[in-house]
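Colleague: Sequence first, then the predicted structure:
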Amino acid sequence: MPTIGDLTIRPVDPWDEHEMDVLQDLYVEAQRAEVPDSRVYSRADSVALLRRTGGPTSYHAFAALAGDTMVGQVWTVAGTTDNVHRGRLWAWVPPRHGRRGVGTALVRHGEQHLIDLGRRTALTQTWIGADGVSGYRPFAERLGYSLAQTHVERRQQLPMDEARLARLEAEATAHTAAYTFHVVVGPIPAELAPGYLGVYNLLDIESPGGDVEHEEGRWTAAELADQDEELSEQGRTRVTVLASDATGVVVAYSCAVTGPADLDDPVVDQRGTLVLREHRGHRLGLAVKCRLTRALQERFPDRTYVRTTNAETNAPMVAINEAMGFEVHSVEGEFQHRLG
Ligand SMILES: CC(C)(COP(=O)(O)OP(=O)(O)OC[C@H]1O[C@@H](n2cnc3c(N)ncnc32)[C@H](O)[C@@H]1OP(=O)(O)O)[C@@H](O)C(=O)NCCC(=O)NCCS
């Protein structure tokens, strides 16, 4: 393969406004090269993530330069309170600089950074085409990564068809009379934080993990407050629905965040949804998702779609999403590689 001779890789300076402009443009160009309406994070997202220090997740970005020209970037994302055995990395090289070894050099640089952070597993996620074997899968596999799980991104148009939403709400209500629901727009208030964390910390171990090793989350109110501050810096709003049982214990939740203000994309990102095992089978998952949809379309009428990504094996969650009108958009592979 022809290589770029004078390639240097160095940390990105998140306080350099021009550098952040270039970084963002290059990222969007690479991310949307094959999937033109692929999800992207905004410049405000990147600025907030890279300038923050001391939160529950550490973000680092490195730029690849050929002479003075930025030709690619790699990000590392590593939790600091739990799952510290692993880290994620993401490399982006737009096609006009592609196939000259930049992506490979960036991934290896990111891996070394994860090793320096004490991580033993690197995870990455990328588009693998509808057939599951195309997209960037050959790139990941050539670098020694193996497919750990397949994820399917689905999108739901907002507002939802009213008759359909009303029918699903009625179905859920018929089974969930014993539960109380709270809808929170914005940061999770202190009195609901312990309940929220009780379900949120289980998400990684309760949703299908494929071949990826997950441990229970260990977030406390401090990490949650940090994340809410980060969301506000990104210009995002969290919308959360909690369900508690007759004793007041939170037993289910669903959470989404609006896209950031500087992103010209009327999107809402679905985050987690979880029902405690002993409360499954009461349509609680459907109930929290219906309330979430209602809240989103009432409070954010300018948002035209929600996107969600589920493990393809997550039959119960996929069934709820399909009932709610989510349709397949694209297929991504989660890959892992043992470091060192
Ligand atoms: C994937 C990506 C980072 C590759 O960057 P790159 O600089 O072109 O990668 P390299 O030149 O180091 O490629 C190394 C090898 O990977 C394979 N490869 C890379 N891109 C490929 C593609 N689109 N299709 C098939 N194989 C590919 C090839 O075997 C290539 O060697 P070759 O050019 O000699 O055939 C870039 O295409 C990109 O930014 N994609 C969008 C973001 C993404 O999905 N990143 C991967 C997750 S971290």
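Modeller: That came through fine.
Colleague: drop to CA atoms for contacts and neighbour counts, all remaining ones
Modeller: Will do.
Colleague: Mind jotting down where the strands sit in this protein?
Modeller: Listed in chain order, the strands of the chain (DSSP state E) span 7-11, 57-66, 69-79, 86-92, 121-127, 146-157, 180-185, 238-244, 250-258, 267-275, 305-311, 327-338.
Colleague: closest one to the ligand among those strands?
Modeller: Ranking the strands of the chain by distance to the ligand, with C-alpha to the nearest ligand atom as the measure, places strand 86-92 first at 3.2 Å.
Colleague: hmm, back to that, nearest to residue 48, of the strands of the chain?
Modeller: For residue 48, the closest of those is strand 57-66, at 9.9 Å, according to C-alpha to C-alpha.
Colleague: can you give me the mean pLDDT across that closest one?
Modeller: Mean pLDDT, strand 57-66: 97.
Colleague: list the contacts for the closest residue to residue 313 other than its chain neighbours?
Modeller: Spatial nearest neighbour of residue 313, chain neighbours left out: residue 208 (7.0 Å); criterion: C-alpha to C-alpha, 6 or more residues apart in numbering. Going by C-alpha atoms under 8 Å, 6 or more residues apart in numbering, residue 208 touches 311, 313, 314.
Colleague: Surely the last one and residue 206 touch.
Modeller: No - counting by C-alpha atoms under 8 Å, residue 314 does not reach residue 206; the two are 10.5 Å apart.
Colleague: count of neighbours near the residue lying closest to residue 302 once chain neighbours are set aside?
Modeller: Nearest residue to residue 302, sequence neighbours excluded (C-alpha to C-alpha, 6+ apart): residue 266, at 6.7 Å. By other C-alpha atoms under 10 Å, 17 other residues sit near residue 266.
Colleague: Could you do residue 113 as well?
Modeller: Per other C-alpha under 10 Å, the neighbour tally for residue 113 reads 18.
Colleague: for residue 188, same thing?
Modeller: Residues near residue 188, counting by other C-alpha under 10 Å: 20.
Colleague: what's the distance between it and residue 329?
Modeller: Residue 188 sits 30 Å away from residue 329 when distances are taken as C-alpha to C-alpha, to the nearest Å.
Colleague: any idea how far the residue nearest to residue 302 lies from the ligand?
Modeller: Separation of residue 266 from the ligand (C-alpha to the nearest ligand atom, to the nearest Å) stands at 22 Å.
Colleague: which ones are touching that residue?
Modeller: Residue 266 is in contact with 259, 302, 303, 304, 305, counting by C-alpha under 8 Å, 6+ apart.
Colleague: Could you verify my assumption that the fourth one touches residue 258?
Modeller: No - at 10.8 Å, residue 304 does not count as touching residue 258 under the criterion of C-alpha under 8 Å.
Colleague: More neighbours: which of the two?
Modeller: The neighbour comparison of residue 304 against residue 258 (other C-alpha under 10 Å) goes to residue 258, with 20 against 16.
Colleague: ok, and the closest non-adjacent residue to the more buried one?
Modeller: Closest to residue 258 by C-alpha to C-alpha, 6+ apart is residue 268, at 4.3 Å.
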